[in-house]
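> A predicted structure for the sequence below; I have some questions about it.
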Amino acid sequence: MIRIYNTLTKKKEDFVPLEEGKVRMYVCGPTVYNFIHIGNARPMIVFDTVRRYMEHKGYEVNFVSNFTDVDDKIIKKANEEGVSAEQISKRYIEECKKDMEGMNIRPATTHPLATQEIDGMIDMISDLIGKGYAYAVNGTVYFRTRKFEEYGKLSHKNLDDLQAGNRSLLVSGEQEKEDPLDFVLWKPKKEGEPFWVSPWGEGRPGWHIECSVMSKKYLGEQIDIHGGGEDLVFPHHENEIAQSEACSGSVFSRYWMHNAFLNIDNKKMSKSLGNFFTVREISEKYDLQILRFFMLNAHYRSPLNFSGELMEASKNALERIQTAVDNLKFAADHAETQELTAEEQAVLKEAGRFEAQFDEAMDDDFNTADAIAAVFDLVKYANTHAKEGGSKALALALCKKLQDLCGILGIITEKQGELLDGEIEGLIEERQAARKAKDFARADEIRNLLLKKGIVLEDTREGVKWKRA
Ligand code: AMP
Ligand code: ZN
């Protein structure tokens with residue numbers, strides 16, 4: 001039985017899905033105005049691992065994660081560059097997908113874009129107005145927070161404390177609110193901003209309504225798990241609950257999971273402090289598998305400090321696993337006997353305990369740190385038992401066990417010489433751009449790099465094709 005720490009109840013609870021054998025999971029995705037930073041990568045890696053483990057347990061997982069592609073920060077960047085907001089968001093969604101591939105994060109079942117779901121948002125806002133939970137003033141629509149009696153249940157905040165804190169925070173133009181606690185569902189357009197036509201005038205949706213709508217459209221009114229970083233608990237997720245539950249009258253998400261923050265040199269990593277790394281920067285120095293491994297070495301609810309030393313330690317640790325896999329493959333290739341002996345059968349049976357240890361750790365609120373410890377116990381065991389003179393079957397079976405456990409964590413056990421498809425395509429694109437810019441030296445360099453990795457390019461009339469030699 002999987003147990004999940006639920007932010008809603010502040011307790012670990014048995015995971016019981018709404019529908020047997022199925023998991024409906026929604027995770028708030030990034031706002032796409034720049035390359036993602038390694039903090040954004042943490043929820044991506046964590047929830048990709050949750051999904052993989054659920055699938056390992058036999059669940060069919062419908063996993064939805066959005067891209068927020070309309071936002072002040074996107075508009076600001078577009079204005080700085082003199083391009084459209086859409087160009088900015090499209091560019092960084094593509095870049096984000098490349099980073100995800102490098103970290104071996106599988107694409108979600110659906111990655112909806114906020115800008116493609118505006119009709120649904122208008123419908124939900126109209127519904128909320130109809131039910132008395134929202135009101136329009138001068139082109140802005142607000143949610144009537146106090147009308148939703150359970151407001152505060154996720155962040156465990158008391159409305160009166162919030163009210164006291166809010167009084168000093170009143171921003172100009174907000175006097176039109178009935179209550180300082182009310183939040184925006186729809187805002188009127190400003191000059192030079194993207195907008196959509198709505199019953200309340202031209203404008204755009206507030207951020208919170210996006211997730212309520214996309215979650216409902218792709219997963220239904222009730223979902224099993226909703227996730228994101230802990231900074232989203234309040235107000236984003238609290239507001240999502242208010243919107244969704246006010247609309248449907250039923251519980252929105254049964255389990256709320258939040259990852260803790262990634263810090264740098266023990267300080268909060270943030271764009272405003274300037275102390276952050278993008279995933280792309282890290283990829284210049286390290287294989288992104290190492291970043292993934294580094295993240296999974298900590299429990300997702302523990303704050304995690306990023307440092308060069310810890311990355312080096314992760315690199316060495318991951319290499320130990322990869323070397324063990326290589327050694328087992330070598331042993332299988334050079335074994336003199338094929339079949340398991342009786343003694344080896346016992347050895348293999350005994351190795352099953354590491355799988356049990358792994359599952360036990362993961363069942364306990366996805367304790368990846370302990371799960372990795374189980375992987376290392378298996379490495380040690382395989383190193384001692386797959387000795388010279390052993391059978392091919394034993395080496396192969398131990399190798400498979402190791403690869404399977406790593407696979408559940410999304411950790412690739414092959415030493416990275418091999419390029420992933422997305423990386424190859426990225427390099428080909430770069431080569432095309434270099435040729436266009438008449439930088440033939442760089443173009444040749446890329447061709448040779450690909451050749452070294454066993455990728456052969458062929459220039460055809462339809463463009464560049466590639467194959468693995
Ligand atoms: P944003 O693009 O800021 O909306 O963030 C996208 C996701 O990344 C959210 O789930 C955030 O909670 C998460 N996130 C942002 N910064 C960090 C960080 N330093 N550590 C962990 N998660 C983060
Ligand atoms: Zn969200």
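Alright, I've got the coordinates. Numbers count the residues shown, from 1 in each chain. Ligands and ions are numbered 1, 2, ... in the order given.

> Might one say that Met25 is in contact with Gly228?
No - when contacts are counted by C-beta atoms under 8 Å, Met25 is not listed as touching Gly228 (11.2 Å). All C-beta spots, glycine's among them, are computed from the backbone N, C-alpha and C.

> Compare these two (neighbour count), which wins?
Set side by side, Met25 and Gly228 show more neighbours around Met25, with 27 against 24, by other C-beta atoms under 10 Å.

> Local confidence estimate at that one?
On pLDDT, Met25 comes in at 98.

> Next SSE downstream of whichever strand or helix holds it?
Using DSSP states H and E, Met25 sits within strand 22-27. Next helix or strand after strand 22-27 toward the C-terminus (DSSP H and E): helix 38-56.

> Tell me which residues of that following helix come out buried.
Buried positions in helix 38-56, judged by neighbour count with 16 or more other C-beta atoms under 10 Å: 38-54, 56.

> Let me know the next secondary structure element after it.
Following helix 38-56 in sequence, per DSSP H and E, is strand 60-65.

> Now do that following strand: everything it contacts.
When contacts are defined by C-beta atoms under 8 Å, 6 or more residues apart in numbering, strand 60-65 is touched by residues 21-29, 47, 51, 54-55, 108-112, 214-215, 218-219.

> what residues does this structure put near ligand 2?
28, 211 (C-beta under 5 Å from the ion).

> Okay, and the beta partners of the residue of the chain found nearest ligand 1?
Going by C-beta to the nearest ligand atom, ligand 1 is nearest to Gly229 of the chain, at 1.9 Å. Beta bridges link Gly229 to Asn259, judged by DSSP bridges.

> so what's the backbone phi/psi at whatever residue of the stretch 301-450 of the chain ends up closest to ligand 2?
Of all residues in the stretch 301-450 of the chain, Arg301 sits closest to ligand 2, at 18.9 Å by C-beta to the ion. Main-chain torsions, Arg301, degrees, to the nearest 10: phi -90, psi 0.

> Give the closest residue to it in space, chain neighbours not counted.
Closest residue to Arg301 apart from its sequence neighbours, by C-beta to C-beta, 6 or more residues apart in numbering: Ala260 at 5.4 Å.

> Assess the claim that the one you found and Asn305 are in contact.
No - Ala260 is beyond contact range of Asn305, at 10.9 Å (criterion: C-beta under 8 Å).

> got the contact list for stretch 258-270?
Stretch 258-270 has contacts (C-beta under 8 Å, 6+ apart) with 7, 37-39, 41-43, 46, 227-233, 273, 275-277, 295, 300-307.

> got any ranges where the stretch 351-469 of the chain has weak pLDDT?
Low-confidence segments of the stretch 351-469 of the chain (pLDDT under 70): 416-422.

> Could you do the chain as well?
Using pLDDT under 70, the chain drops low at 165-174, 416-422.

> Quick check: residues of it near ligand 1?
Within the chain, the residues that sit near ligand 1 (C-beta under 6 Å from any ligand atom) are 28, 30-31, 39-40, 42-43, 228-229, 231-232, 259, 261-262, 269.

> Pick the one among the residues you listed closest to ligand 2.
Cys28 (3.2 Å).

> Spit out the contact partners of the residue nearest to that closest one when sequence neighbours are not counted.
Nearest residue to Cys28 in three dimensions, chain neighbours excluded: Gly228, at 4.0 Å (C-beta to C-beta, 6+ apart). Applying C-beta under 8 Å, 6+ apart to Gly228 gives the contacts 27-28, 43, 236-237, 258-259.
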